[in-house]
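Colleague: attaching a predicted model along with its sequence, questions to come.
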Amino acid sequence: MAADFFFQDPTFEIQPLTTVAIFKWQRLGNPEVQYAIAAEEQYLQFHLYMLKNLRHTRAGQLADPPYRRELGLSVRAGAVKAAVLVAASITEAALRAIAETRGYTLNQDLRRRTFGNVIRAWEIAGAPQPEVADVWPQVKAMHAVRNFVHLHAAAEADDAAWVRVLEREDELLQGALRVIDHVAAIEA
């Protein structure tokens, strides 16, 4: 089915990269990681704007749309999973940078410093460090959704089904944003 797409609210303000990197992520103390995270956060905010405002109507009827529908079903679930993936990448990078600065136990092989490895570095006997305890359930939820990028495994996971993702959309997205803000405030 062909459709024409448009934004319900066509205006979006992109936060300057330097502002996000220097002010929000300054506690990391690693300018390269700060800017990489800031760029992803800039995109995450735009992605969330698109998710909220993207509408479609019958192809060829954009000037006078007979309907203005949001993204639907599996397409929307894919966009939600993509947003959580970006948020998880931001969280992983920030927690890893702090863990490295603090000398937490991480895999010696830099290629094996996965999100799971970083999460384990922030745990003591299976419990989260006090600084992240308030957002730990959301960190774990992001990790689980992030792993849906492995489609073969996701095909067999009930939580990966688009209907389940949509049922948890607000919880997943708000939780991810809460984690990002929380982690940005941790001193390295």
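Modeller: Ah, there it is.

Colleague: now the helices for this structure?
Modeller: 17-19, 31-53, 73-102, 115-121, 136-146, 151-155, 162-167, 169-184 (DSSP state H).

Colleague: in CSV, list those along with distance to Phe5 and mean pLDDT.
Modeller: Just so you know, the C-beta spots here come from the backbone N, C-alpha and C atoms, and that holds for glycine as well. Compiled in CSV, the helices of the chain are given as follows (distance: least, C-beta to C-beta, whole Å; pLDDT from 0 to 100):
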stretch, distance to Phe5, mean pLDDT
helix 17-19, 27, 91
helix 31-53, 10, 96
helix 73-102, 11, 94
helix 115-121, 32, 96
helix 136-146, 25, 94
helix 151-155, 25, 83
helix 162-167, 19, 87
helix 169-184, 20, 96
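
Colleague: tell me the buried residues in stretch 6-23?
Modeller: Neighbour counts over stretch 6-23 (16 or more other C-beta atoms under 10 Å) mark 20-21 as buried.

Colleague: residues contacting Thr105?
Modeller: 120-121 (C-beta atoms under 8 Å, 6 or more residues apart in numbering).

Colleague: ok, it to Gln26 distance?
Modeller: 26 Å (C-beta to C-beta, to the nearest Å).

Colleague: would you agree Gln8 is in contact with His56?
Modeller: No: Gln8 is not in contact with His56 according to C-beta atoms under 8 Å; the separation is 10.7 Å.

Colleague: list residues touching both of those two?
Modeller: In contact with both Gln8 and His56: Arg68, using C-beta under 8 Å, 6+ apart.

Colleague: so which residue of this structure lies furthest out from the middle?
Modeller: Asp64 (34.8 Å; C-alpha atoms, centre = their mean).

Colleague: list phi and psi for that residue.
Modeller: Asp64 has phi and psi values of phi -140, psi 70 when expressed as degrees, to the nearest 10.

Colleague: any idea how far Thr57 is from it?
Modeller: To Thr57, Asp64 is 9 Å away according to C-beta to C-beta.

Colleague: can you pull up the most central residue in the protein?
Modeller: Most central in the chain (C-alpha atoms, centre = their mean) works out to Ala87, at 1.8 Å.

Colleague: just give me the neighbour total for the nearest residue to that one once chain neighbours are set aside.
Modeller: Take Ala87 and drop its neighbours on the chain: the residue closest to it by C-beta to C-beta, 6 or more residues apart in numbering is Ala176, 3.6 Å away. Counted with other C-beta atoms under 10 Å, the neighbours of Ala176 add up to 28.

Colleague: and Gln43, how far is that from Val86?
Modeller: Careful, residue 43 is Tyr and not Gln. The gap separating Tyr43 from Val86 is 6 Å, by C-beta to C-beta.

Colleague: between these two, point out the one with more neighbours.
Modeller: Neighbour totals were compared for Tyr43 and Val86, and Val86 leads with 19 against 14 (other C-beta under 10 Å).

Colleague: what about Gly126, how many neighbours?
Modeller: Neighbours of Gly126 under the rule other C-beta under 10 Å: 6.
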